[in-house]
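Undergrad: Sequence first, then the predicted structure:
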Amino acid sequence: MHGTSTAEAIVEAASARARQLGCSSVKAVRVKIAAWSHLRSGELETAFEAASRGKPTENAQLIIEVVAPTAQCRDCGADYSPDSDALRCPSCGSARVAIDESREVEVDAIEI
């Protein structure tokens, strides 16, 4: 996802939750983004600010947590945090690994 469309989706989710709770504004939105998602925090913050104009999130703080990917070796079963330059299993050296970045972007919490 690009920063703009991601920010718009975050604003919509937070605004919908605020309306659901009968609140007119959101204080903060905490999101988790995958480290390898290619989203830039600064770009997301700028897009969030623009997408928030006139919405319940207009003055909300966007709190971004970057989540490192995890991997599991398909040969020995070791769990580890891979380096972007070296994906091989540190335990057995295998290149047969499964990478789990979880979700690219996840709204973790909304403070009303």
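TA: That came in fine, so what should we check first?
Undergrad: And the helices in the chain?
TA: With DSSP state H as the criterion, the chain has helices at 3-20, 41-52.
Undergrad: Compare those helices and give me the one nearest residue 74.
TA: helix 3-20 (30.9 Å; C-beta to C-beta). Where you see a C-beta, it was placed from the backbone N, CA and C, and this is true even at glycine.
Undergrad: can you list the helices of the chain in CSV and add distance to residue 70?
TA: Listed next are these as CSV, based on distance: least, C-beta to C-beta, whole Å:
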stretch, distance to residue 70
helix 3-20, 22
helix 41-52, 21
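Undergrad: Could you dump these into JSON lines and include mean pLDDT, distance to residue 107 and mean neighbour count?
TA: Below are the helices of the chain laid out as JSON lines (pLDDT from 0 to 100; distance: least, C-beta to C-beta, whole Å; neighbours: other C-beta atoms under 10 Å):
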{"stretch": "helix 3-20", "mean pLDDT": "95", "distance to residue 107": "5", "mean neighbour count": "18"}
{"stretch": "helix 41-52", "mean pLDDT": "95", "distance to residue 107": "11", "mean neighbour count": "18"}
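Undergrad: Of the ones you listed, which is nearest residue 108?
TA: helix 3-20 (10.7 Å).
Undergrad: Sheet partners, orientation included, of the lowest-mean-pLDDT helix or strand in the chain?
TA: None of the helices or strands of the chain scores lower by mean pLDDT, DSSP states H and E than strand 97-100, at a mean of 87. Within its sheet, strand 97-100 is paired with strand 70-73 (antiparallel), according to DSSP bridges.
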